[in-house]
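Undergrad: fold the stuff below for me.
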Amino acid sequence: MDPGPLNDEEIRPLIASSPSTDANSIVEVTTDTLPPQRLKMSIFSVSHGTGRSKERRNKPLETDFTALSEFLIWAWGGSRYSGMVCMALSSLMYSIMGLFVELFAATSAPSYEIIFIRCAVILVAAFIWLRKTGQPLFGLPHVWRLLMARAVTGYLSLLGFFYSIQVLPLHDAIVLNFATPFMAAILASFILQEKLGVIELGGIFCNFLGIFLVYQPVPFLQGQRPGSNGSTGLIIPGGRYYIHTILIALLSAVIGGANYCFIRAAAKASEQPLVTVFAFAAVACPAAAICTLLFQKFVLPGIYPFIGMVVISLLAFVAEVLLARGLQLEKASRATSILYIEAIASHILGIMFLGKSPSIGGLFGAAIIVISTMAVSYFGNDKPPES
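TA: From the prediction side, this is the model:
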């Protein structure tokens with residue numbers, strides 16, 4: 001017969017009568033009482049640092065990331081200089097985009113095909129952004145006309161620029177395209193009823209002078225005949241055709257100036273600058289596809305040129321978003337004057353990565369652009385930007 005379980009009163013006498021059991025002899029075994037053992041390590045062991053060392057390693061990275069995020073929040077947030085900073089960042093993105101165009105040789109594809117791929121990537125990126133944030137794709141109904149005007153003028157200006165860089169010497173086409181900020185400042189006084197100050201107007205003139213010194217256009221000033229293309233070796237068929245192309249480039253600059261005005265008006269009315277980017281891509285993408293099918297032969301790009309065009313398109317998307325935000329915050333004449341920084345950034349990137357040699361005129365022109373841009377930013381900013 002098995003004995004039943006002992007109760008507490010039966011256990012106490014047994015513990016007290018045991019000679020080897022004492023209250024003082026009961027030792028709690030912990031990891032401190034165990035003898036130290038040497039860890040076995042090999043090349044296959046995973047090294048786990050202490051939490052303190054991880055904090056030391058991650059702290060500079062977290063600090064840099066925090067500083068960058070704070071700067072971007074400040075630049076986007078609508079402070080006094082946010083519009084100018086957004087325009088400067090947009091110019092930097094455009095200059096990096098130009099560097100990638102030369103590195104990937106993406107301009108070997110037909111012009112309409114380049115426009116189609118670029119606008120398709122911008123359209124997808126803008127669509128994802130707007131859907132993620134829950135914003136309407138085309139804004140409110142009262143801004144649809146402004147968005148359509150922005151899209152049409154943006155596409156026509158882009159067509160004119162692509163045509164000019166294919167026919168004119170590259171530096172001539174770039175200089176004529178830089179007339180767009182001047183046209184925007186003039187047209188803003190009529191379209192947007194914005195007052196054009198003396199400082200903004202003088203700054204734009206000085207910046208345009210700096211552009212001439214940086215790029216040194218006009219072939220006959222360089223000892224070449226107007227009918228020869230000194231940058232590519234192509235022969236332009238006749239001076240009359242050359243003048244017509246210059247007029248098309250100037251018309252593109254005028255339309256681009258109106259486009260900047262419509263971007264500012266639509267971004268302010270919709271309170272969302274990204275809808276201006278989506279509207280432009282939504283019109284330009286199918287229009288470029290139709291022009292490709294009607295006027296040019298579609299050329300299937302290779303894998304590396306295609307990757308290059310996608311990268312360039314993503315840079316263009318970021319530049320367009322920053323441009324729209326800058327124009328939303330600043331008056332057109334003041335904001336567009338910052339776009340001349342692109343010339344300096346492109347010149348520096350060309351020296352660093354493309355082996356271009358600097359010139360005295362280019363350095364002098366860059367100095368003029370920097371000084372005039374700083375003057376417009378500081379002295380021309382007479383009131384806080386509009387949010």
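
Undergrad: contacts, neighbours, all on C-alpha from now
TA: Noted.

Undergrad: where does the protein have low pLDDT?
TA: 1-65, 105-108, 218-241, 380-387 (pLDDT under 70).

Undergrad: cutoff 50 now
TA: 1, 11, 15-16, 18-34, 38-57, 106, 220-238, 384-385 (pLDDT under 50).

Undergrad: what segments of it are strands?
TA: With DSSP state E, there are no strands along the chain.

Undergrad: how many neighbours does the residue nearest to residue 209 when sequence neighbours are not counted have?
TA: The shortest distance from residue 209 to any non-neighbouring residue, by C-alpha to C-alpha, 6 or more residues apart in numbering, is to residue 365 (7.1 Å). Residue 365: 24 surrounding residues under other C-alpha atoms under 10 Å.

Undergrad: now do residue 343
TA: Count around residue 343 with other C-alpha under 10 Å applied: 26.

Undergrad: how close does residue 282 get to residue 93?
TA: Per C-alpha to C-alpha, to the nearest Å, residue 282 is found 22 Å from residue 93.

Undergrad: remind me, longest helix of this structure?
TA: In the chain, with assignment by DSSP state H, the single longest helix is helix 239-270.

Undergrad: which other helices and strands does that helix contact?
TA: Secondary-structure packing of helix 239-270 (3 or more C-alpha pairs under 8 Å, 6 or more residues apart in numbering; DSSP states H and E): helix 144-167, helix 170-177, helix 180-191, helix 274-295, helix 303-329, helix 332-336.

Undergrad: quick one: closest of these to residue 244.
TA: Proximity to residue 244 (C-alpha to C-alpha) singles out helix 144-167 among the helices and strands packed on helix 239-270, at 10.1 Å.

Undergrad: how about residues contacting the closest one?
TA: 111, 138, 173-174, 177, 236, 245-246, 248-249, 251-253, 255-256, 258-260, 262-263, 265-266, 275-276, 279-281, 283-284 (C-alpha atoms under 8 Å, 6 or more residues apart in numbering).

Undergrad: chain center to that helix, what's the gap?
TA: Averaging C-alpha positions (C-alpha atoms, centre = their mean, to the nearest Å) puts helix 144-167 19 Å from its chain's average.

Undergrad: do the same with stretch 270-282
TA: 15 Å.

Undergrad: then stretch 112-128?
TA: For stretch 112-128, the distance to the chain centre is 15 Å (C-alpha atoms, centre = their mean).

Undergrad: wait, residue 183 touches residue 259, no?
TA: No. In this structure, residue 183 is not within contact of residue 259 by C-alpha atoms under 8 Å, at 10.1 Å.

Undergrad: please name the residues that touch residue 70.
TA: Residue 70 neighbours (C-alpha under 8 Å, 6+ apart): none.

Undergrad: against residue 85, how distant is it?
TA: 14 Å.

Undergrad: kindly report the same for residue 375.
TA: Counting by C-alpha to C-alpha - residue 375 and residue 85 are separated by 14 Å.

Undergrad: more crowded one of the two?
TA: residue 85 (23 against 16).

Undergrad: which non-adjacent residue is nearest the more buried one?
TA: residue 75 (6.1 Å).

Undergrad: give the burial count for the one you found, as a bare number.
TA: 22.

Undergrad: that one against residue 82, yeah?
TA: Yes. Using C-alpha under 8 Å, residue 75 makes contact with residue 82 at a distance of 4.5 Å.

Undergrad: how many residues are close by the closest residue in space to residue 344 that isn't next to it in sequence?
TA: Distances taken as C-alpha to C-alpha, 6+ apart put residue 366 closest to residue 344, at 5.8 Å, once the chain neighbours are dropped. Around residue 366 there are 24 other residues, counting by other C-alpha under 10 Å.

Undergrad: same deal with residue 142?
TA: Neighbours of residue 142 (other C-alpha under 10 Å): 11.

Undergrad: ok, now residue 300?
TA: So residue 300, with other C-alpha under 10 Å, has 10 neighbours.

Undergrad: ok, residue 154 next?
TA: 25.

Undergrad: what does residue 193 give?
TA: 9.

Undergrad: give me phi/psi at it?
TA: phi 60, psi 40 (degrees, to the nearest 10).

Undergrad: list the residues that contact the nearest residue to residue 179 once chain neighbours are set aside.
TA: Closest residue in space to residue 179, ignoring its immediate chain neighbours: residue 253 at 5.8 Å, by C-alpha to C-alpha, 6+ apart. Residue 253 makes contacts with 157, 176-180, 183, as judged by C-alpha under 8 Å, 6+ apart.
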